[in-house]
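1. Sequence first, predicted model second:
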Amino acid sequence: MIQMKSMNYIRNVFQQEYTGEDVDMRKYYKSKLIDWRRGNSIERVEKPTNLAAARSKGYKAKKGIFIVRVRLRRGSGTKSRPNMARRPKRMGVNKIKRRKSIQWIAEERAARAYPGLEVLNSYWVGEDGMNKYYEIIMVNPHEPTIMADNNLNWLLREKKRVYRAKTSSARKAKKKRWAGGGIKDRKG
């Protein structure tokens, strides 16, 4: 019998829930999405929905670390239509893409809603026909347990990381994942 680590087991359960291989799991997932849709667009959550993803992004179950779930509209951003002096081809309304990723926008909204906290990272938890849902890991850098933690106390020196594109999703959206190391360190 193959032994599976607990985080791999949790990851597999979450994948089964999302993909719909098991009918009961799929119904549970759909009911969760309905509850999230009825709730507020930015909501604090007691514990992470996908523990394996949260732990891989830096989550620890300790004082000073919070999880916030953000709901965002799917698709590209809207652009207002010019009201005169263009033929329809030159309106510039259709096929316009966002410059920021939806995940980065979710992080910014969470940071705006909780101004005393810093964004550590974020991960996807679900989507339906209209919305995408992300969970944002927020840290209170002035909490004594965070100040004593050597893996997290660097957040004291970082202010408003998400607005300066220092989070992982923001760096990916700006194509800055491997920037700053010279030409030999760049990938692809």
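-> Great, that's in hand.
2. Give the buried residues for stretch 25-34.
-> 25, 29, 33 (16 or more other CB atoms under 10 Å). Heads up, the C-betas are built off the backbone N, CA and C, glycines and all.
3. could those residues be laid out in TSV, adding secondary structure?
-> Shown next, in TSV, are the buried residues of stretch 25-34 (DSSP: H, G, I helix; E, B strand; the rest coil):
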residue	secondary structure
Met25	helix
Tyr29	helix
Leu33	helix
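4. can you list the weak-confidence ranges in this protein?
-> Scanning the chain with the threshold set as pLDDT under 70 gives 1-4, 180-188.
5. Would you double-check that Gly116 falls in a strand?
-> No: using three-state DSSP, the assignment for Gly116 is coil, not a strand.
6. Return the residues in contact with the residue lying closest to it once chain neighbours are set aside.
-> Closest residue in space to Gly116, ignoring its immediate chain neighbours: Asn140 at 6.6 Å, by CB to CB, 6 or more residues apart in numbering. Counting by CB atoms under 8 Å, 6 or more residues apart in numbering, Asn140 makes contact with 64-66, 116-118, 146.
7. Can you report phi and psi for the most centrally placed residue in the chain?
-> In the chain, the centroid-proximal residue (CA atoms, centre = their mean) is Ser122; its distance is 3.4 Å. Backbone dihedrals for Ser122, given as degrees, to the nearest 10, come out at phi -150, psi 160.
8. So it versus Ile42, what's the distance?
-> Counting by CB to CB, to the nearest Å, the gap between Ser122 and Ile42 amounts to 13 Å.
9. what pairs with the residue nearest to the centre of the chain across the strands?
-> Ile136 (DSSP bridges).
10. Surely it touches Tyr134?
-> Yes: Ser122 is within contact range of Tyr134, at 5.1 Å (criterion: CB atoms under 8 Å).
11. which residues do these two both contact?
-> By CB under 8 Å, 6+ apart, the residues touching both Ser122 and Tyr134 are 103, 106-107.
12. and of those, the nearest to Phe14?
-> Checking those against Phe14 with CB to CB, the nearest one is Gln103 at 17.4 Å.
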